[in-house]
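Asks: sequence and predicted structure below; questions after.
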Amino acid sequence: MKCRMCGGKAEVHLRSHNISLCREDFVRFFHRRLLRTVNRFGMFGPGDRILVAVSGGKDSLGLLHALKKLGYDVTGYHLHLGIDGYSDRSLEKVEKFAEREGVEVKVERVGDVLGCTIAEASRRLRRPTCSICGTVKRYLFNRAARDYDVLATGHNLDDEAATLLGNILHWQEGYLGRQGPVLEEEEGFAKKVKPLSFNSEYETAAYAFFEGIDYIVEGCPYARGATSIFYKGVLNRIEEEMPGTKIRFLDGFYSFRRKHIRPPEVSLRPCPECGYPTTGEICNFCKLKARLQSGRATLSPAVRGP
Ligand code: Q46
Ligand code: ZN
């Protein structure tokens, strides 16, 4: 197999693009695709301060690495969720990465902010761990991004296509209206972008490997059995038969959305406790904190970790 660009020995074959590439040309290809997404959707420019949320996985560390290499002004942000073992191992990868790359990564611990870990909060409030985690992550990511122009996350093509499939299967109109590579800034919410929306998971893995990025391979233990993993499997089977389907699915949706779907209108006001924008009386995070501090939070044997 020869590299389409230089004729040298190809190391990757990308079926969805029908192209084989050597290591150097693949890295260039990866950067070009990322930049095309950034520019096409007006995500950020050279002068912007970008906060990149990093979990310790290949996508987010790959994104931070690529944006730094491309000359952007980037800072990392890692949220330690307090999930037994997994969170410590993730932090270790992030810290090693930061040292090796010479990039600043801010670390925040959920335990310090909430007074307990995500898993403890889930047990005490009898709510699914991922639901608590979602509320806490949204809130803290936003708060951390206040001093930056934009918050970038490492969602890749497979993540976005799986989310889209789930939203369509269940006709989640509100989510469909808001699903996109860019969520514009609004009343206290930072602008959020997904520069890897058109780089596949296979590509981010190959990129991390070629660039020598040491990332955490295991997933969060609470993600086991998640419907998004099932949808990814279904899309992979379709992709096997019809290469390029994921890209067309997502790309087609973004064009359709621009023409036919309006983001739902929400009226936001500042939370009286913390000033965070909310549609309700007080924001979900402050509600969560208040419930954890009150006697209503009890230990439940029914809701356990994985
Ligand atoms: S929500 Fe759930 Fe994720 Fe939080 S608890 Fe793990 S799986 S990390 S994307
Ligand atoms: Zn609040």
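Replies: Now that the structure is in, tell me what you want to look at. Ligands and ions are numbered 1, 2, ... in the order given.
Asks: in space, what's closest to Asn236 - neighbours in sequence excluded?
Replies: Of all residues beyond its chain neighbours, the one nearest Asn236 is Asp158 (7.9 Å), with distances taken as C-beta to C-beta, 6 or more residues apart in numbering. Heads up, the C-betas are built off the backbone N, CA and C, glycines and all.
Asks: next, count neighbours for the one you found.
Replies: For Asp158, the neighbour count with other C-beta atoms under 10 Å is 24.
Asks: my read: it touches Lys232, true?
Replies: Yes. Asp158 is in contact with Lys232 according to C-beta atoms under 8 Å; the separation is 5.4 Å.
Asks: who's in contact with stretch 228-241?
Replies: For stretch 228-241, the external contacting residues (C-beta atoms under 8 Å, 6 or more residues apart in numbering) are 15-16, 158-159, 161-163, 165-166, 201, 223, 245-246, 249.
Asks: overlap in contacts of Asp158 and Lys232?
Replies: Taking C-beta under 8 Å, 6+ apart as the contact rule, the neighbours common to Asp158 and Lys232 are Glu201.
Asks: tell me if stretch 42-59 is near ligand 1.
Replies: No. No part of stretch 42-59 sits near ligand 1 under the criterion C-beta under 6 Å from any ligand atom; the closest distance found is 7.5 Å.
Asks: what about that stretch, average pLDDT?
Replies: Model confidence over stretch 42-59 averages 97 on the pLDDT scale.
Asks: again, but for stretch 200-219
Replies: For stretch 200-219, the mean per-residue pLDDT is 97.
Asks: quote the end-to-end distance of it.
Replies: Using C-alpha to C-alpha, to the nearest Å, the end-to-end distance of stretch 200-219 comes out at 17 Å.
Asks: and stretch 67-78, by the same measure?
Replies: Counting by C-alpha to C-alpha, the length from the leading to the trailing residue of stretch 67-78 is 17 Å.
Asks: return the set of buried residues in that stretch.
Replies: Within stretch 67-78, the residues scored as buried using 16 or more other C-beta atoms under 10 Å are Leu67, Lys68, Tyr72, Val74, Thr75, Gly76, Tyr77, His78.
Asks: does ligand 1 sit close to that stretch?
Replies: No. Judged by C-beta under 6 Å from any ligand atom, stretch 67-78 and ligand 1 are separated, with a smallest distance of 12.3 Å.
Asks: next SSE after the strand ranked longest in the chain?
Replies: Counting by DSSP state E, the longest strand found in the chain is strand 73-80. On the C-terminal side of strand 73-80, the nearest following helix or strand under DSSP states H and E is helix 86-101.
Asks: same for the helix or strand encompassing Gly62, what does it pack against?
Replies: When secondary structure is defined using DSSP H and E, the element that contains Gly62 is helix 58-69. Of the remaining helices and strands, those touching helix 58-69 by 3 or more C-beta pairs under 8 Å, 6 or more residues apart in numbering; DSSP states H and E are helix 23-40, strand 49-53, strand 73-80, helix 86-101, helix 201-210.
Asks: chain center to the longest one: distance?
Replies: What that stands for is helix 23-40. Relative to the chain's own centre, helix 23-40 is displaced by 19 Å; criterion: C-alpha atoms, centre = their mean, to the nearest Å.
Asks: equivalent analysis for stretch 180-197, please.
Replies: Centroid displacement of stretch 180-197 relative to its chain, using C-alpha atoms, centre = their mean, is 11 Å.
Asks: list of residues touching the longest strand of the chain?
Replies: 46-56, 64, 67-68, 87-88, 90-91, 94, 98, 103-111, 137, 140-141, 144-145, 148, 151.
Asks: how about the helix or strand harbouring Arg138: buried residues?
Replies: Per DSSP H and E, Arg138 falls inside helix 129-144. Of the residues in helix 129-144, those buried by neighbour count under the rule 16+ other C-beta under 10 Å are 129, 132-133, 135-144.
Asks: give me the contacts around the helix holding Gly62.
Replies: Judged by C-beta under 8 Å, 6+ apart, the contacts made with helix 58-69 from elsewhere in the structure are 30-31, 34, 50, 52-54, 74, 76, 93-94, 97, 101, 103, 105, 152-156, 159, 195-196, 201, 204-205, 207-208, 211, 213, 215.
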